[in-house]
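Enquirer: From the sequence below, what's the structure:
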Amino acid sequence: MQVLAHYREPNHARSILEIAITFIPLVALWVLAGVALHFGHWWISLLLAVPAAGFLVRLFMIQHDCGHGSFFRHKLANDWVGRVLGVLTLTPYDFWRRSHASHHATSGNLDRRGMGDIDTLTVREYRALPFLGRLRYRLYRHPLVMFGIGPAYLFFIRHRVPAGLMHAGWRQWVSAMLTNLALAAIIAALIWFVGIAPVLLIQVPVMFLAASIGVWLFYVQHQFEETYWEPSREWNMQEAALHGSSHYDLPVVLRWFTANIGVHHVHHLCSRIPYYRLPRVLRDHPELQNVSRLTLTESFRCVRLVLWDEDKRKLVSFRDLRCNAPSS
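Expert: Have a look, this model is predicted:
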């Protein structure tokens, strides 16, 4: 941890540039999609939704760094940039920051699951469930739900009313409601100037794609075969960071659009490092390059991994569970 401390200092000029080269192309793509729709070329608009979603994901990663206090030196700058970006990403910043901080503090801890995580049951817990409980978990873990219905629900509905944090105080509710008000004002202005059809036909596909990509990234960062889970008495934060967070080694273009979030094991070791310094950490410390490394091709196989096997100490699939079912 101390070795990584000198990478933490943000460069304000670089941070502002990162915002500009992400936000400006996103707006340009939105305008181009609007022009395409105006002339009846709806298919061009749909094609433009793909790179636009990539830039929106990148904005979320900037918001993510703001939430960790790593994008600017001053808390006020981080928080207000994060709140503004949270309106664009449909994510109430203060609500999200609290749940994400909990994720960092408990990642890989079997006794503290549930806040800011993908729900993961152990093999014993799953086998102890009644039929309806197993069915519910299977539906939750189905790829169509996990990467399709789930992201849409999370960003379009759950983030609008963060009912799960009622006990956390008024700040999270104020964050959500102010984000909703700002979002409503932006949508109303867009509808006033360009009409409701362009707003729906452009922004909804962009947001849906970005949400699905975001959930996929979060999934593969922790849901890989040789990940790390331990009960509280044996849990260690550094071990959880190194071995419970993947190094998602993506191609260069995808690495840029995802703002190096694939260097997730280093991020969990020291969350105050700005994302544009993470590649330098790997260059300076090559021993970290192959720790929990996961390639793009390998990551697709993670979808089937749904249960933590405490005996084998790895994630397994439902099929593995059937094959290893105890004989009666």
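Enquirer: Quick one: the helices in the stretch 201-328 of the chain, in order.
Expert: 204-222, 237-244, 252-257, 264-269, 278-284, 296-299, 318-323 (DSSP state H, counting those that start in this stretch).
Enquirer: neighbouring contacts of the fourth one?
Expert: Contacts made with helix 264-269 from outside it, assessed by Cβ atoms under 8 Å, 6 or more residues apart in numbering, are listed as 1, 4, 104, 107, 221, 238, 240-248, 261, 273, 275, 278, 281-282, 288, 291-292. (Glycine included, C-beta is placed from N, CA and C.)
Enquirer: could you dump that helix to PDB, C-alpha only?
Expert: The C-alpha trace of helix 264-269 is given here as PDB (Å, rounded to 0.1, in the frame of the first residue of the first chain):
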ATOM      1  CA  HIS A 264      -9.000  -3.500 -10.700                       C
ATOM      2  CA  HIS A 265      -6.700  -5.400  -8.300                       C
ATOM      3  CA  VAL A 266      -4.400  -2.300  -8.100                       C
ATOM      4  CA  HIS A 267      -7.500  -0.100  -7.800                       C
ATOM      5  CA  HIS A 268      -8.700  -2.100  -4.800                       C
ATOM      6  CA  LEU A 269      -5.200  -2.000  -3.200                       C
END
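Enquirer: Let me know the helix or strand that the residue nearest to Y276 when sequence neighbours are not counted is in.
Expert: Once flanking residues are discounted, Y276 sits nearest to R14: 6.1 Å by Cβ to Cβ, 6 or more residues apart in numbering. R14 belongs to helix 12-38 when assigned by DSSP states H and E.
Enquirer: Now do the contacts for L88.
Expert: Contacts of L88 by Cβ under 8 Å, 6+ apart are 56, 59.
Enquirer: now the contacts of helix 264-269: which count as buried?
Expert: 4, 104, 107, 221, 240-248, 261, 273, 275, 278, 281-282, 288, 291-292 (16 or more other Cβ atoms under 10 Å).
Enquirer: where does the stretch 51-200 of the chain dip in pLDDT?
Expert: 162-170 (pLDDT under 70).
Enquirer: re earlier: so which elements touch the helix or strand just after the helix holding R14?
Expert: Note on helix 12-38: by DSSP H and E, the next helix or strand toward the C-terminus is helix 42-67. On a contact count with 3 or more Cβ pairs under 8 Å, 6 or more residues apart in numbering; DSSP states H and E, helix 42-67 meets helix 12-38, helix 75-88, helix 93-106, helix 204-222, helix 252-257.
Enquirer: now those helices as CSV including distance to R171?
Expert: Shown next, in CSV, are those (distance: least, Cβ to Cβ, whole Å):
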stretch, distance to R171
helix 12-38, 25
helix 75-88, 11
helix 93-106, 6
helix 204-222, 23
helix 252-257, 31
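Enquirer: Ok, which of these comes nearest V174?
Expert: Within the helices and strands packed on helix 42-67, the stretch nearest V174 is helix 93-106; the backing value is 7.6 Å (Cβ to Cβ).
Enquirer: what comes into contact with the very next helix or strand once past that closest one?
Expert: Downstream of helix 93-106, the next assigned helix or strand under DSSP H and E is strand 121-122. For strand 121-122, contacts defined as Cβ under 8 Å, 6+ apart pick out 110, 129, 137, 229, 307-310.
Enquirer: how about a cut-off of 7 Å?
Expert: 137, 307-308, 310 (Cβ atoms under 7 Å, 6 or more residues apart in numbering).
Enquirer: Over to stretch 15-25?
Expert: With Cβ under 7 Å, 6+ apart as the criterion, stretch 15-25 contacts 55, 58-59, 62, 71-72, 274, 276.
Enquirer: Save the residues you listed as JSON lines, and put in distance to S299 and neighbour count too.
Expert: Shown next, in JSON lines, are those (distance: Cβ to Cβ, whole Å; neighbours: other Cβ atoms under 10 Å):
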{"residue": "F55", "distance to S299": "22", "neighbour count": "22"}
{"residue": "R58", "distance to S299": "19", "neighbour count": "24"}
{"residue": "L59", "distance to S299": "23", "neighbour count": "21"}
{"residue": "I62", "distance to S299": "23", "neighbour count": "22"}
{"residue": "F71", "distance to S299": "27", "neighbour count": "27"}
{"residue": "F72", "distance to S299": "32", "neighbour count": "21"}
{"residue": "P274", "distance to S299": "24", "neighbour count": "22"}
{"residue": "Y276", "distance to S299": "23", "neighbour count": "17"}
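Enquirer: Most widely separated two among those?
Expert: Across those, no pair lies farther apart than F55 and F72, at 20.5 Å, counting by Cβ to Cβ.
Enquirer: neighbours of R141, just the number please.
Expert: 22 (other Cβ atoms under 10 Å).
Enquirer: Then S317?
Expert: S317: 16 neighbours (other Cβ under 10 Å).
Enquirer: now it, nearest residue through space, not along the chain?
Expert: R304 (4.2 Å).
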